[in-house]
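Participant: Predicted structure and sequence below. I'll ask about it afterward.
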Amino acid sequence: MQCQHATGLQQCRLPARPQPQPWQRIPLHHISSQKQHQHLPHLGDRQAAQNSVRAAPRHTARPRQPLRHVATAAAAAADMGGLRLPDVGVGPHIRTLLQPSKYDAELLSLAVPALAAMALEPLMNVFSAAVLGHLGTQQLGAVSLASLATSLATYVFSFLVFLTTPRIAAAHANGETQQVARLAAVGLWLAALTGVFVAVGMSASAGTIVAALKPPEAEVATYAVQYISVRSWGILAAMLGFVASGTYRGVKDTRTPLMAALGASVTHVVLTPLFILGLNWGVWGAALAATISQWVSCILLVSLMFQRQLLGLRDLMLPPQWHEVVPYLWKGAVLAFRMIITFGMIMFASGICVRAGATSQAAFEIIRQVWIISIQLFESLNVATQAMAAGFLGKDDRTSAREVLQRAFNLSCAVGLAIGLLLYMGQGGVVHLFTKDAAVGSLAGAILPIIAFFMPLDAGASIMDGGLIAAGQTNTLSVIQVLGSLVQYGVLAYLVANSLENVVSVWAVLKILTLARLSGGYWLHFVSGRSAYRARGSGDLSQPAQAGNVLNLTVARVPVTAADFGSSLTSSCSIDEGDVTGLMEATANRNTSREHNSGIGVNGHSSSSSSSCSNSTVSLDGHCSNSGSTSSINV
C-alpha cells in the first residue's frame, strides 16, 4: 500500500487499483447490494468530506420494517461471499452432526483410552464391595462410612489435574520441552507437600473424623478408624497421580494413564481377596489393598514421565520458587472451595433421603450409581476436549479451539441423548440389576426418567466445563458451580421446611446445577466478549482470511445512531474493494521512524505510536484491532 499526503489528510492507495479518500462514515444503504451504488463521491480534503457527510441522505422517520437495512446488507454480503446466514431448524444441525469432522479422529483417539481408564475405578469399587460383603454388614457399613472422608479429601484436591492440564498444553504446543518439565516438577512438589500434610493429619485424627460421622454402632466405628488410618496414605499417591494425569493430558496422551490404571486394577483384583479372605485381615486388609494399588498407579505414571522426557531429575530436585506456586495456591483455593460446596450439596441431598427412610436412601443410591456409570461415556470426551482445546489456545489458534469445542459439544450431546433414550426404554431392567425390592424398584423407576431427560444436558455441561478448564478460566467455573449449588440448597431447604421433600424432588433439584453449568458455560464460550474462544478486538468470531483482495468490514458492537444509518444494528459483511472505494487497511510496521510506527486513521490523526500496534490493523476510528493477517476495518 502506498500513501501520500494531501491537504491535511493522508491519502492511501492500494497497489492493484488506486482509490481516492472516502468520507468518514458511509451510510449502510449506500452499500446495500453489489449492483447498486457502484461509485462513491470522491473527496479532496477534510472540508469536502465533512460537507458530503452532512449532505448525505438521512432517515427522519423509522422505516416500517426496522430490519430492512440489516436484511439487505446481509443478503448483499452473502451474495459477495462474505456473510453466511445460519439455517434455523433441526435439519441443518443433524446434518452437521452426521458429517465427519477433521477433529473426530483425534477426539476419539483421546477419548476411548480415557473412557477405559475412567470406567475401571467404579468397577473396582463394585468388586471391593462384593468381596467385603462376605465379611458382614458391619464391616461393609464401616468401609462405606470411612470412604466418605477419604473420598472428600481426594475430591477436594483433584483441582491439581485442572490446573496442570492447560499450562502443560500451552508449553507443549509451543515446543517448550524444558517448560513442560519444570511445570510438571512444580506440580509434583506441591502435590507431595500437600499430600503428606493431609495423609498425616487424617491418619492421626481418624478417631475424631469417625466420631463426627456418627456411626450407628461402636463396632462400625472401630472398623472405620482402621480403614481411615491405612487408606489415608493413598491420598498422597492420588495427588501425585493428579499432576501426572494432567501432564499427560496436556501432551495429548491418554494411553499412558490407561496403562497405569490397568496396572492398578490388576493389583487391586489380586490383593483384595488375598488380604481379606486369604490372610483374613478384614477391613484393614481391604484398605491396604486399595492403598497399594493406588501407589502402583502413581509409580507407573511418574516413572513413565521420565521415560517420555516430560520430567527431568534436575527439575524434580529443584524446589519451586514462590512465584511458581502462587497461581496454584490462588486458583487451587477457589477450586477447592467449589468442590467442598458441591460435595456438601450431595451430602445434604443424601441426608434428606436418609431421613425419609431406608427405601428412599436405597433408591437414591441406585440412581447415583447409574448416573456415575453413565456419565463416563461423555466425560471421556471432556478429557479429549481439554487436551485439544488447551493445545490450540496455547498456540493462540482460537478458531481451531472453538471448532474443537463445538464439535465435542455436539458429539457429547448426541451421546447423552442416546444414553438417555436407552435408560428410559430399559428402566425396568436397569433397576432390577440393583435391587429385587418392589418398593425400592418402584421409587427408583420414578426417578430414572428425570435422569434420562437430563442426560443430554449433563453431557453438554461436561464439555462446557472442559472448555473453561482448557482456557484456564477455573475461577469462572467455580463461580458458576458455587452459585448453582447455593440455588440448589435454597430450593431444598424450602422443600424441607414445607415438608415437600422426597427422593424424586431431590433429584429434580440437583439438576439445577446442570442447567447452571450448561447455560453459563455456553454463554461464556460462544456469546460473551470475554470468551477465550473468540477473536481478540472483534465482536465477531474470527474467520479465516479470504483469498484475493477482499476487505472485511465489521460493523462493531458500538451502537450506530439513527441519524447515521436510520437504525442501530450490528452485522458483519465482506465487501469487494471495487464496490467501496477508498476503505483501506493501514498496517503499522516496526520502524525507527515515528511516522512508520503510527497508523493514520481516516480522521487524519495518529492512531498509535506504540510498537505494540505492529502487525495489527488500524481501524477507521484510529485504534489497533489486532486482527492478525486478516484485513479488517472496524467501524
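Facilitator: Happy to help now that I have it.
Participant: Show me what counts as buried in the longest helix anywhere in the chain.
Facilitator: With residue count as the measure and DSSP state H as the assignment, the chain has helix 358-394 as its longest helix. Of the residues in helix 358-394, 359-368, 370-371, 374-394 count as buried by neighbour count, 16 or more other C-beta atoms under 10 Å. Bear in mind the C-beta positions are built from the backbone N, C-alpha and C, glycine included.
Participant: Who are the packing partners of it?
Facilitator: Contacting helix 358-394 under the criterion 3 or more C-beta pairs under 8 Å, 6 or more residues apart in numbering; DSSP states H and E are the following elements: helix 104-132, helix 159-173, helix 234-250, helix 322-356, helix 398-425, helix 438-470, helix 503-510.
Participant: What residues sit buried inside the shortest one?
Facilitator: Across helix 503-510, burial judged by 16+ other C-beta under 10 Å covers Val503, Val504, Ser505, Val506, Trp507, Ala508, Val509, Leu510.
Participant: same thing with the first one?
Facilitator: Under the neighbour-count criterion of 16+ other C-beta under 10 Å, helix 104-132 has 106-107, 110-111, 113-120, 124, 128, 131-132 buried.
Participant: Report the angle between that helix and helix 234-250.
Facilitator: What separates the directions of helix 104-132 and helix 234-250 is an angle of 160 degrees, with axes from the mean of the first three to the mean of the last three C-alpha atoms, to 10 degrees.
Participant: can you check the last one too?
Facilitator: Our comparison of helix 503-510 with helix 234-250, counting by the same axes, to 10 degrees, yields an angle of 50 degrees.
Participant: With only the CA atoms kept, save the following helix or strand past helix 503-510 in PDB.
Facilitator: Heading C-terminal from helix 503-510, the first helix or strand you meet, by DSSP states H and E, is helix 512-526. Output of helix 512-526 as PDB, limited to C-alpha atoms (Å, rounded to 0.1, in the frame of the first residue of the first chain):
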ATOM      1  CA  ILE A 512     -30.400 -27.100  38.700                       C
ATOM      2  CA  LEU A 513     -26.600 -27.300  38.800                       C
ATOM      3  CA  THR A 514     -26.600 -28.900  35.300                       C
ATOM      4  CA  LEU A 515     -28.700 -26.100  33.900                       C
ATOM      5  CA  ALA A 516     -26.300 -23.500  35.500                       C
ATOM      6  CA  ARG A 517     -23.200 -25.200  34.100                       C
ATOM      7  CA  LEU A 518     -24.700 -25.600  30.700                       C
ATOM      8  CA  SER A 519     -26.100 -22.100  30.300                       C
ATOM      9  CA  GLY A 520     -23.200 -20.300  32.000                       C
ATOM     10  CA  GLY A 521     -20.600 -22.200  30.000                       C
ATOM     11  CA  TYR A 522     -22.300 -21.800  26.700                       C
ATOM     12  CA  TRP A 523     -22.700 -18.000  27.200                       C
ATOM     13  CA  LEU A 524     -19.100 -17.600  28.200                       C
ATOM     14  CA  HIS A 525     -17.700 -19.700  25.300                       C
ATOM     15  CA  PHE A 526     -19.900 -18.600  22.400                       C
END
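Participant: which helices and strands does helix 512-526 pack with?
Facilitator: For helix 512-526, the packing partners by 3+ C-beta pairs under 8 Å, 6+ apart come out as helix 398-425, helix 438-470, helix 474-497.
Participant: what does the last one rub up against?
Facilitator: Residues external to helix 474-497 that are found in contact with it (C-beta atoms under 8 Å, 6 or more residues apart in numbering): 159, 162-163, 331, 334-335, 337-338, 341-342, 344-345, 348-349, 352, 465, 468-469, 500-501, 505-506, 509-510, 512-513, 515-517, 520-521, 524.
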